[in-house]
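Chemist: Sharing a sequence plus its predicted fold:
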Amino acid sequence: MTAAAGRGANEMAATDAGDPPDADGFGRTWWGRAWVEALEQRARLDPNRLPRGRGYARDGAVGDLVLAPGEARAQVQGRKVAPYDVRVRVRRFTDDEWNRVLDAIVAQLGRAAALLDGDLPPEVAADVTAAGLDLLPVGGEVGPRCTCPDEADPCKHSAAVCYLVADALDADPFTLLVLRGRTRDEVLAGLRSRRRGEEPSRTEAAEADAVSSRSPGPDPGVDARAALAGPPPSGPLPAPPAPSRQPGHPAALPVDPPAGRAGLRADLLTLAADAAARAWELAVGLSPDGGLGLDADADLARRAERTLGTPAFSTLADRSGINGRELARWGLAWRHGGANGLETFRADWNPVDEVAGAGELLKAARAALRDATGTAAEIAGNRLTGGRLQLRLGRDFLWYPYARSDGDWEPAGPPQPDPGSALTLL
């Protein structure tokens, strides 16, 4: 914060009152604007990605922002189906540096009193500078990391999270102290111990623990056995909350996986996202069991359908040992028809041998196929082929449309009860 401190504490306070917010709305308070300034002018991040990051942040692509000592985490929705995990690390002050910071603040009685009252005045930045440190980050102190393939530092997803930190600072400037490594309670405990003339190293941890013990803890809840043993509650039961409109995204991992386990992060997030999708399907009634009753092949087709068109599909194909093109056809069969669609894709059967009157049904479908293609249609079991189009009769007696692509037949649409309707999809 050297440049800002050079203007003097009084000028900084005036700036807090008078300067307009950033044009994109990032930085409505002095601390928020100062963070944006440090990000754009002093931290030496890639300037080519910052405008894109502002757009992502402004358009709501960033999920819940998690702030912890030394870092900010969030998920950012890019062009792919699955969001990217972003972690922005900020260099923490060491214990010795924090002692210098707190000693400098407590020397200014007005500043120390303001902090103890829950306010973080802008002049504190000048106090920290007087201690030979910068409260706001400089070059090399911001370490953005993202799971996207962009090698820029930062990528646009990381830049978006950096900008949303400004919003967090607008809401609570003590966020900056958290990013530097200490919570509000820890900082206040250090100030109190110094004002009492106590040795900081021996008292700060105990003071912080005492503050935390006075804070309300989590709701302990009610033991289910005790609730069921007592009289039933009076009045109507509250209605359960409605499920969300789409599955939720898994939270960012709180710690990095071991360095020797390549791909473990992506695997864990993939499993978490799949579990969230299954739970959502159960909640909205799209699945009777969330797919837990599927056999291995059907579950593989289900997962292939979810990853079609994403980098995760190649990983799934490699680990399953199935050719990528074949697995894609499994995924398409699942997309258009679920378990019945996959069975119709993989297994032939002869309706004439198993169902009375099936021959007339096939002849009517052959006539519809001939009218649609202008060529004679051939019947082979449950398959009717004419030119580059094909209809397959499933055991659910629905017609599944297929199209010829690169020498293979691919599922091309959802099943229909009428062959003419299925052909219309093609």
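Modeler: Ah, there it is.
Chemist: quick one: average pLDDT of stretch 127-134?
Modeler: For stretch 127-134, mean pLDDT is 87.
Chemist: in it, what counts as buried?
Modeler: For stretch 127-134, burial by neighbour count (16 or more other C-beta atoms under 10 Å) applies to Asp127, Val128, Thr129, Ala131, Leu133, Asp134. Placement of C-beta: from N, CA and C, glycine included.
Chemist: Equivalent analysis for stretch 288-295, please.
Modeler: Of the residues in stretch 288-295, Gly290, Gly291, Leu294 count as buried by neighbour count, 16+ other C-beta under 10 Å.
Chemist: go on, stretch 416-426?
Modeler: So, applying 16+ other C-beta under 10 Å, buried residues of stretch 416-426: Gln416, Pro419, Ala422, Leu423.
Chemist: and if you look at stretch 52-67?
Modeler: For stretch 52-67, the neighbour count (16+ other C-beta under 10 Å) marks Arg52, Gly53, Arg54, Tyr56, Ala57, Ala61, Val62, Gly63, Leu65, Leu67 as buried.
Chemist: Check which residues of the lengthiest helix in the chain are buried.
Modeler: In the chain, taking DSSP state H as the definition, the longest helix is helix 324-346. For helix 324-346, burial by neighbour count (16+ other C-beta under 10 Å) applies to 327-345.
Chemist: circling back: reformat the buried residues of stretch 288-295 as TSV; add secondary structure.
Modeler: Output for those, formatted as TSV (DSSP: H, G, I helix; E, B strand; the rest coil):
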residue	secondary structure
Gly290	coil
Gly291	coil
Leu294	coil
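Chemist: Let's have the residues you listed in JSON lines, adding pLDDT.
Modeler: Shown next, in JSON lines, are the buried residues of stretch 288-295 (pLDDT from 0 to 100):
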{"residue": "Gly290", "pLDDT": "84"}
{"residue": "Gly291", "pLDDT": "85"}
{"residue": "Leu294", "pLDDT": "92"}
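Chemist: Just name the closest of those residues to Ile322, please.
Modeler: Leu294 (16.1 Å; C-beta to C-beta).
Chemist: Would you enumerate the residues in contact with that closest one?
Modeler: Shown in contact with Leu294 (C-beta atoms under 8 Å, 6 or more residues apart in numbering): Arg302, Ala339.
Chemist: quick one, phi psi at it?
Modeler: When quoted as degrees, to the nearest 10, the phi and psi of Leu294 stand at phi -80, psi 150.
Chemist: just so I have it, where are all the helices in the stretch 151-300 of the chain?
Modeler: 156-171, 175-179, 184-195, 200-214, 224-229, 264-284, 296-307 (DSSP state H, counting those that start in this stretch).
Chemist: Select from those the stretch with the lowest mean pLDDT.
Modeler: Ranked by mean pLDDT, the helices of the stretch 151-300 of the chain bottom out at helix 200-214, which scores a mean of 47.
Chemist: Just want the phi and psi numbers for Asp59.
Modeler: Main-chain torsions, Asp59, degrees, to the nearest 10: phi -90, psi 0.
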